[in-house]
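J.: this one's sequence-less:
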């Protein structure tokens, strides 16, 4: 494991991005997907698909999810985080 702090998403104490299981799967050539009944930008699904110093930065999480293309398919709530 890697030391981090409460509220961080896939970053260490120095806010350096750490690999996620989705990134590892993508590197191995797998098609990736996240399916949730919550907002797709919520901390739990976001932990598979973004790197943020604070879990409450949902608009920034949405931007990362939409532009970094680590996840091939995203199903969940939270459309407002992508359109505001």
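T.: Right, received. Where do you want to start? Here the structure is a predicted model, which is why all the values come from computation and not from measurement.

J.: let me know the next secondary structure element after the longest strand along the chain.
T.: Criterion DSSP state E: the longest strand present in the chain is strand 33-39. Downstream of strand 33-39, the first helix or strand assigned by DSSP states H and E is helix 43-46.

J.: and that following helix, how far out from the chain middle?
T.: 6 Å (Cα atoms, centre = their mean, to the nearest Å).

J.: rounded mean pLDDT for it, please.
T.: Mean pLDDT, helix 43-46: 95.

J.: between whatever helix or strand comes next after it and strand 33-39, how big is the angle?
T.: Using DSSP H and E, the helix or strand that follows helix 43-46 in sequence is helix 58-68. Between helix 58-68 and strand 33-39, the angle comes out at 160 degrees (axes from the mean of the first three to the mean of the last three Cα atoms, to 10 degrees).

J.: got the contact list for helix 58-68?
T.: 9, 39-42, 46, 49-52, 71, 74, 78, 81-82, 84 (Cβ atoms under 8 Å, 6 or more residues apart in numbering). Yep, even glycine has a C-beta here, placed from its N, CA and C like the rest.

J.: number of nearby residues for the nearest residue to residue 50 once chain neighbours are set aside?
T.: Leaving aside its sequence neighbours, residue 50 sits nearest to residue 64 (Cβ to Cβ, 6 or more residues apart in numbering; 4.2 Å). Per other Cβ atoms under 10 Å, the neighbour tally for residue 64 reads 18.

J.: the one 3 residues further on too?
T.: Burial of residue 67 is recorded as 8 neighbouring residues (other Cβ under 10 Å).
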